[in-house]
Every structure is written in structure tokens, then in C-alpha cells.
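Student: everything below, folded, please.
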Amino acid sequence: MNKEEGQSPPEHVPSSPAHSGGWSAVDQTGRVQSFVRCLDGISAFQKARSLKLWTFSLLDPAPGRRLLDVGCGPGDDARTLAGMVGPEGLVVGIDSSEGMIAEARKRTADDLPLELRVGDAQALDFGDDSFDGCRADRVLQHLADPGAALREMARVTRPGGRVVVVDPDWDTLLVDHDDRAVTRRILQHESDTHQNGWSGRRLYALLRDAGLEEVGVEADTWSTNDIAVLKATFNYVSMVEEAVGANVVSRGEGARWLVHLEERVAAGRFYGALTLFIGWGCRPEVEKGVAS
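Tutor: The predicted structure follows:
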């Protein structure tokens, strides 16, 4: 191996605590707090906060309503919604990770109308018509069958209630870099490490397939010149390491790519973006094929 091929990435960039593949099995990684910190970092991003408020408004969380937050993580969004529905309402947050639910319970006051439990988005443990509305924020991308999850969310939502989902499309991830060919290979591999890297663009069809009506989808691009935001959403060093491990790029190509990226950061020339899609639909008042 020549000197260039053996070049290491910049040492001051930490290795990834939680890369894309681990989100499907958080507890099995033994690094739950790393995932929690990642979610906390994303929630601190202004664009993320604005997007969350939009999803809340689509649910119309009036006092007394019952709402389900699928993939609630440490429960921040579920707690906000619980404050909106008030003591006469109820919010239920579920997550596949016992560690996430434990963290959510630690963060939740006893008097909040919020129930937290471990659950499977693709097989919800609730009866039909149990909630006035359901939401899932950046969850479908990590599921083996996102269509099943949406069908379940539609099932447990009452007629007239709304299902709201947010998911990125990882093929829209862009990083400004001089090496176009290597950048394309690295970013394409990043998209392919997700179970459903195209979940964002598929929302319209998935919502329609779940039997929902009045379906709408809007795009929201998160762009930044702050490298800390890129680190909060995913770690680019780990992204390159995985691409190298999969023989998508050589070790030398990956190292050079990282060095150039760091040079851009130091010169104040970094820029990156990712587009997320917000989708919603209403459970029909009268199911198709059922006489009124």
C-alpha cells in the first residue's frame, strides 16, 4: 500500500456513534445513548423544530384528543403533543427500542397525559379507531415494510382522523465537493445503507395504498453551511468508512475526500443539503365497499 492509500482521515472528527444501519436495531448495538444524542442534535436544528411544529398542526392536537406518536424515540415530540391535548386527552408514544422508551420515561413528568411503551410500527397493539390521529417522524426509512406500518396507522386512526408522516429521500443528500465522481459513489452508498432510502419520494403512493384520502405531500429541504449539522444527522467519517468497507471507493479516495471536505470547512466553504417529505392523509369517513 502506498503512502497516499494509507492516509488516515482527520483525527479530530469522531467516529460515528450511530450510523444509518443501526437504527433498525438500536438496543442490539449497545449504544442507545449515542442514538439519543443524535436525535437530540437533530431536534436542536431550527429546520427540524419548524418541521415538527408543522406536523403537529396537521394533526390538530386540540384539547381532549387521543394521538399516537410512532417511533417516539426519547419522547420529546410526544411530550409536546401531550401538553397540547391537555389532561382530558392522551398521547401514546411507541418505539421498538426498550432503551429509547426507558429514556423517554426518565424525561417525562408523572402528571403528563402520556403513555410510553415498546411497540412494533408494523403490528400496532391497538384496536381499530383508537386514535384521533397518528404521526411518524423519520421512521419509515428504517422499516422492512413501511407500507404495513402505514396501513396499521390508518387502521388505528378513527374515520376522519389524519395520519402524518415525515421521511427523507436519501438520494437527495448533497455535499459540495470538488470530486464529483467519488462524492456520487459515497452518497449513493449512504442512501443504499437505509432499508428504505427512497421512503420520502414513496410517501404519496404509500399513503394512497394505505386507503387514505385527501393525500398530500410537500418537500422541505434542510440546507446548511455548518458542519456540526452534518455531524448531528449522520457522521460523514463513518459514511466514508462504510463506503470503503463495501469497496465503493478505495481507502485513498475516501481519505482524500475527507481531507478536502475538512479543507472546505476550514475555509468556510462547506455546504450540504437533504430533502425531507411531509405526507398526510385522512381515514375515510365511510370505508370503500361499505354501505352507509
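
Student: chain neighbours aside, what residue packs nearest to Val257?
Tutor: Quick fix: residue 257 reads Trp, not Val. Closest residue to Trp257 apart from its sequence neighbours, by CB to CB, 6 or more residues apart in numbering: Val182 at 5.3 Å. Glycine gets a C-beta too; all of them are placed from N, C-alpha and C.

Student: from Thr55, how far out is that neighbour?
Tutor: 36 Å (CB to CB, to the nearest Å).

Student: now do the same contact list for the residue nearest to Trp257.
Tutor: By CB atoms under 8 Å, 6 or more residues apart in numbering, the contact set of Val182 is Val249, Glu253, Gly254, Arg256, Trp257.

Student: how about Arg202?
Tutor: Per CB under 8 Å, 6+ apart, neighbours of Arg202: Pro146, Asn196.

Student: how far away is it from Val217?
Tutor: Distance, Arg202 to Val217, by CB to CB: 10 Å.

Student: with Ser238 instead?
Tutor: As for Ser238, its distance to Val217 is 30 Å (criterion: CB to CB).

Student: hang on, the earlier thing: now, the most widely separated pair of the contacts of Val182?
Tutor: Distance extremes for the contacts of Val182: the farthest pair is Val249 and Arg256 at 9.4 Å, using CB to CB.

Student: compare these two (neighbour count), which wins?
Tutor: Taking neighbours as other CB atoms under 10 Å, Val249 and Arg256 compare with Val249 leading, 21 against 18.

Student: strands along the stretch 151-292 of the chain, start to end?
Tutor: In the stretch 151-292 of the chain, strands defined by DSSP state E, counting those that start in this stretch lie at 157-168, 174-175, 213-224, 272-282, listed in chain order.

Student: could you report the pLDDT at Ala25?
Tutor: As predicted, Ala25 sits at a pLDDT of 85.

Student: did I read that right, it in a helix?
Tutor: Yes: when DSSP: H, G, I helix; E, B strand; the rest coil is applied, Ala25 is found to be in a helix.

Student: please report the distance of it from Glu242.
Tutor: As judged by CB to CB, Ala25 and Glu242 stand 16 Å apart.

Student: higher neighbour count, the two?
Tutor: Using other CB under 10 Å, the more surrounded residue of Ala25 and Glu242 is Glu242, with 19 against 11.

Student: who does the lowest-mean-pLDDT helix or strand in the chain touch, helix- and strand-wise?
Tutor: Counting by mean pLDDT, DSSP states H and E, the weakest-scoring helix or strand in the chain turns out to be helix 227-233, with a mean of 71. With contacts taken as 3 or more CB pairs under 8 Å, 6 or more residues apart in numbering; DSSP states H and E, helix 227-233 sits against helix 32-43, strand 272-282.

Student: one more time with 6 Å
Tutor: Contacts defined by 3 or more CB pairs under 6 Å, 6 or more residues apart in numbering; DSSP states H and E place helix 227-233 against helix 32-43.

Student: could I get the average pLDDT for the lengthiest helix in the chain?
Tutor: Longest helix in the chain by number of residues (criterion: DSSP state H): helix 251-266. For helix 251-266, mean pLDDT rounds to 94.

Student: tilt between that helix and strand 272-282?
Tutor: Helix 251-266 runs at 90 degrees relative to strand 272-282, counting by axes from the mean of the first three to the mean of the last three CA atoms, to 10 degrees.

Student: with just CA atoms, put helix 251-266 into PDB.
Tutor: The C-alpha coordinates for helix 251-266 follow below in PDB (Å, rounded to 0.1, in the frame of the first residue of the first chain):
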ATOM      1  CA  ARG A 251      -9.200   3.800   1.100                       C
ATOM      2  CA  GLY A 252      -7.200   6.500  -0.600                       C
ATOM      3  CA  GLU A 253     -10.200   8.000  -2.400                       C
ATOM      4  CA  GLY A 254     -12.100   8.100   0.900                       C
ATOM      5  CA  ALA A 255      -9.200   9.700   2.800                       C
ATOM      6  CA  ARG A 256      -8.700  12.300   0.100                       C
ATOM      7  CA  TRP A 257     -12.400  13.100   0.100                       C
ATOM      8  CA  LEU A 258     -12.400  13.700   3.900                       C
ATOM      9  CA  VAL A 259      -9.300  15.800   3.700                       C
ATOM     10  CA  HIS A 260     -10.800  18.000   1.000                       C
ATOM     11  CA  LEU A 261     -14.100  18.300   3.000                       C
ATOM     12  CA  GLU A 262     -12.200  19.400   6.100                       C
ATOM     13  CA  GLU A 263     -10.300  22.000   4.000                       C
ATOM     14  CA  ARG A 264     -13.700  23.300   2.800                       C
ATOM     15  CA  VAL A 265     -14.900  23.600   6.400                       C
ATOM     16  CA  ALA A 266     -11.700  25.400   7.500                       C
END
